[in-house]
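Undergrad: After the sequence you'll find the predicted model.
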Amino acid sequence: GAGVSQSPSNKVTEKGKDVELRCDPISGHTALYWYRQSLGQGLEFLIYFQGNSAPDKSGLPSDRFSAERTGGSVSTLTIQRTQQEDSAVYLCASSSSPRGRGLETQYFGPGTRLLVL
Amino acid sequence: GDSVTQMEGPVTLSEEAFLTINCTYTATGYPSLFWYVQYPGEGLQLLLKATKADDKGSNKGFEATYRKETTSFHLEKGSVQVSDSAVYFCALSDLTSGGSNYKLTFGKGTLLTVNP
């Protein structure tokens, strides 16, 4: 597609339920990032994929959070046993394969707004 | 670790006023610097970037100069418009030796409102 797409755009769930958030990166982009945007914490990095591998998961806030990427394309972020503090906007970004320094621009999707009741 | 500090605002200006949003950073490597903008109801868009010291990024009348000596990347525009009303985020990407991760570290964001 022309840009990064994410689904669903909004998700309301009950505390304790599992949720899956999907990201479709720009075609051909090998790097994919997940970020979280919340009122208290601002924009935080969660996880980075290069191809299907995740060399940096340092931003995942707990073991309830996991992510995978298949076929070097679509990625799914899963939150198990959701808590109210998980309420936030989850943003996905993609960029082409990093070569050199500072040459890669991340293109962001519109985000998924998650509300945990 | 890396960090970005920016004016939190909110900032309210009249149309055609001069805009400055301050941004300073701390990084261990050789960061690239970015300004992203988020218009109401929309996703993050890259506004401008600079990849090395003394570079000036510019776009849509906005400018920012990478100042290594003051570790700053202040955003400026000479004459703002109502359509510039948005949240502006300063960010850095710090690729350390041997790394491949261009993850972004963001400031808290500055809400700009421009009144006619």
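TA: Nice, I can see it. Numbering: from 1, shown residues only, chains lettered A, B, ... in the order given.
Undergrad: What is the burial count for the closest residue to B:A53 other than its chain neighbours?
TA: Counting by CB to CB, 6 or more residues apart in numbering or on different chains, B:K68 is the residue found nearest to B:A53 once chain neighbours are left out, at 3.9 Å. Every residue, glycine included, has its C-beta placed from N, CA and C. Neighbourhood size, B:K68 [other CB atoms under 10 Å in any protein chain shown]: 12.
Undergrad: Low-confidence ranges, the chain, go.
TA: This is for chain A. A:1, A:97-104 (pLDDT under 70).
Undergrad: The chain in question should be chain B.
TA: Looking at chain B by pLDDT under 70, you get B:95-100.
Undergrad: Report the closest residue of it relative to chain A.
TA: Nearest residue of chain B to chain A (CB to the nearest CB) works out as B:S32 at 3.0 Å.
Undergrad: hmm, back to that, wait, the residue nearest to B:A53 sits on B:L33?
TA: No. B:K68 lies out of contact with B:L33 (CB atoms under 8 Å); the separation is 10.1 Å.
Undergrad: For the chain, which segments count as strands?
TA: I'll assume chain A. A:5-7, A:10-13, A:19-24, A:31-38, A:42-50, A:53-56, A:65-69, A:75-79, A:88-95, A:107-108, A:112-116 (DSSP state E).
Undergrad: nope, chain B
TA: B:3-6, B:11-14, B:19-21, B:23-26, B:32-38, B:44-50, B:56-59, B:62-65, B:75-77, B:86-93, B:104-106, B:110-115.
Undergrad: Mean neighbour count and distance to B:L92 added to the strands of chain A, as a markdown table?
TA: A markdown table is the format used below for the strands of chain A (neighbours: other CB atoms under 10 Å in any protein chain shown; distance: least, CB to CB, whole Å):
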| stretch | mean neighbour count | distance to B:L92 |
| --- | --- | --- |
| strand A:5-7 | 17 | 24 |
| strand A:10-13 | 14 | 30 |
| strand A:19-24 | 19 | 23 |
| strand A:31-38 | 22 | 14 |
| strand A:42-50 | 20 | 12 |
| strand A:53-56 | 15 | 16 |
| strand A:65-69 | 17 | 23 |
| strand A:75-79 | 20 | 24 |
| strand A:88-95 | 23 | 15 |
| strand A:107-108 | 20 | 16 |
| strand A:112-116 | 18 | 25 |
